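Q: Okay, structure incoming, though there's no sequence with it:
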């Protein structure tokens, strides 16, 4: 155990036993300081223990303790917003992955914490040139509407458009996507912008069946 990890463990224990205040961990200005301070400590501990599966956010109960069960974690407000695709991140970053993971702290403090990893994709809406807005990134424009995508084994086939400047012409094509983080972010962006009323069931099923969540 590193000195840093040991220090974080001691701070968490002291916080939960009310021997130190959240202010000494995270400063002031937070709505639920015990929860925020505890979550920050647990995030740092997890990332030290698992550098290849780091998380950007952890959620715990309002009093700072971890959830007692996976069911209780999944009933939390934070987890429900993750599932619904309405979770708000700093700088509008897109959600890469989320789930429930064991608390890393030990020492009688075992529980379950909601966690997410975020990866930024700079999507934008393109309304010009199309009957319905497309979700665009770089020079590719994706059409995420019903009838525009289909699962093909381990790939998601989706209709797309691109402009070839040397010919001054728009072309339609089919893109075969395999990056689960990209697919999830693509449809989540469209949902948040009101292009679709919900993330399609077949897309959710494809993501679930194609991904091994390191935080679950």
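A: Good, I have the coordinates. On a predicted model such as this, the values are computed, not experimentally measured, just so you know. Numbering: from 1, shown residues only.
Q: end to end, how far does stretch 55-69 reach?
A: For stretch 55-69, the first and last residues are 20 Å from each other (CA to CA, to the nearest Å).
Q: Also stretch 186-206?
A: 14 Å.
Q: Any buried residues in it, and which?
A: 186-192, 195-196, 199-200, 203, 206 (16 or more other CB atoms under 10 Å). C-beta coordinates here come from the backbone N, C-alpha and C atoms, glycine included.
Q: Just the ones of the residues you listed in helices?
A: 186-192, 203, 206 (DSSP state H).
Q: Quickly check those residues for the two that are furthest apart.
A: Longest distance between any two of those is 19.5 Å, between 192 and 206; criterion CB to CB.
Q: tell me which helix or strand of this structure sits lowest on mean pLDDT?
A: strand 112-118 (a mean of 47; mean pLDDT, DSSP states H and E).
Q: helix or strand right after that strand?
A: Sequence-wise, the next helix or strand downstream of strand 112-118 (DSSP states H and E) is strand 124-126.
Q: got the residue ranges for the helices in this structure?
A: Using DSSP H, the helices of the chain run over 3-16, 23-26, 33-49, 70-74, 77-84, 180-192, 201-210.
Q: Residue 154: which of these is closest?
A: Residue 154 lies closest, by CB to CB, to one member of the helices of the chain: helix 201-210, at 6.3 Å.
Q: neighbours of residue 180, just the number please.
A: Residue 180 has 20 neighbours, counted by other CB atoms under 10 Å.
Q: quick check: domain ranges of the protein?
A: If you go by automatic domain parsing, the domain ranges for the chain are 3-118, 124-210.
Q: if you compare these, which one is most tucked away?
A: Among the domains of the chain, the stretch with the highest mean neighbour count (mean count of other CB atoms under 10 Å) is domain 3-118, at a mean of 17.
Q: coming back round to it: quick check, nearest of the buried residues of stretch 186-206 to residue 180?
A: Closest to residue 180 out of the buried residues of stretch 186-206 is residue 206 (8.3 Å), distances taken as CB to CB.
Q: could you list every residue that touches the closest one?
A: Shown in contact with residue 206 (CB atoms under 8 Å, 6 or more residues apart in numbering): 151, 156, 183.
Q: Flag the shaky bits of this protein, pLDDT-wise.
A: By pLDDT under 70, the low-scoring segments of the chain are 1-2, 52-53, 90-94, 96, 104-120, 210-216.
Q: distance of the residue lying farthest from the centre of the chain from residue 131?
A: For the chain, the residue at maximal distance from the C-alpha centroid (CA atoms, centre = their mean) is residue 167, at 39.4 Å. Between residue 167 and residue 131 the distance is 22 Å, computed by CB to CB, to the nearest Å.
Q: thinking again about what came up before, could the buried residues of stretch 186-206 go into JSON lines alongside distance to residue 82?
A: Shown next, in JSON lines, are the buried residues of stretch 186-206 (distance: CB to CB, whole Å):
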{"residue": "186", "distance to residue 82": "17"}
{"residue": "187", "distance to residue 82": "14"}
{"residue": "188", "distance to residue 82": "10"}
{"residue": "189", "distance to residue 82": "15"}
{"residue": "190", "distance to residue 82": "17"}
{"residue": "191", "distance to residue 82": "13"}
{"residue": "192", "distance to residue 82": "13"}
{"residue": "195", "distance to residue 82": "20"}
{"residue": "196", "distance to residue 82": "18"}
{"residue": "199", "distance to residue 82": "12"}
{"residue": "200", "distance to residue 82": "18"}
{"residue": "203", "distance to residue 82": "16"}
{"residue": "206", "distance to residue 82": "18"}
